[in-house]
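1. can't give you the sequence, but here's the structure:
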């Protein structure tokens, strides 16, 4: 039978001779098959790389700590996109994958400036900026990364200047991404 294995031990129990009857006890074939079986066992026993989200799940705040779904403290590590309107070519899955796999990032911050060149509240295209946010959220989500949508106040220097725009914007984002 193909599955029959014979094991003979020497008197001291040090030497093990395994003979698969389907290879007719030819030692080099036995060793080759043992090697192949061992490689298959090792191949299928190596854990699949977990993504940050699959490893930690939904995040929440407990006291003054950011914690994962199991209540363990977690630190977000990543980069900012430095303005969606300025460098839109870096909002893509390949760039985020490199950040995750090569740099150990678990999060991406999508910086949406309010007034700077192409800003959301000045002369920027709100629809195009929202498309970039959608692309960034989708790419990061596909890679199992966390996403921060950043309402970035810089030259306007007053976080309340565009407060009504921010409330409207984040209501829309919260509704759109509430199940992710």
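-> Noted; the coordinates are in hand. Just so it is clear, the model here is predicted, and its values are computed rather than measured.
2. how about the helices in this protein?
-> Along the chain, counting by DSSP state H, helices occupy 27-45, 52-56, 93-103, 126-142, 163-177.
3. Mean pLDDT per helix and strand in the chain: which one sits at the bottom?
-> Among the secondary structure pieces of the chain, namely its helices and strands, strand 5-9 has the lowest mean (mean pLDDT, DSSP states H and E), a mean of 41.
4. what stretches of the protein score poorly on pLDDT?
-> Using pLDDT under 70 as the threshold, the predicted model of the chain has low-confidence ranges 1-49.
5. ok, back up a step: okay if I get the helices of the chain as TSV plus distance to residue 109 and mean neighbour count?
-> Just so you know, the C-beta spots here come from the backbone N, C-alpha and C atoms, and that holds for glycine as well. As requested, the helices of the chain are arranged in TSV below (distance: least, Cβ to Cβ, whole Å; neighbours: other Cβ atoms under 10 Å):
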stretch	distance to residue 109	mean neighbour count
helix 27-45	37	11
helix 52-56	14	17
helix 93-103	11	15
helix 126-142	9	17
helix 163-177	14	13
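6. mind checking which of the ones you listed is nearest residue 81?
-> Of all the helices of the chain, helix 126-142 sits nearest to residue 81, with 6.9 Å by Cβ to Cβ.
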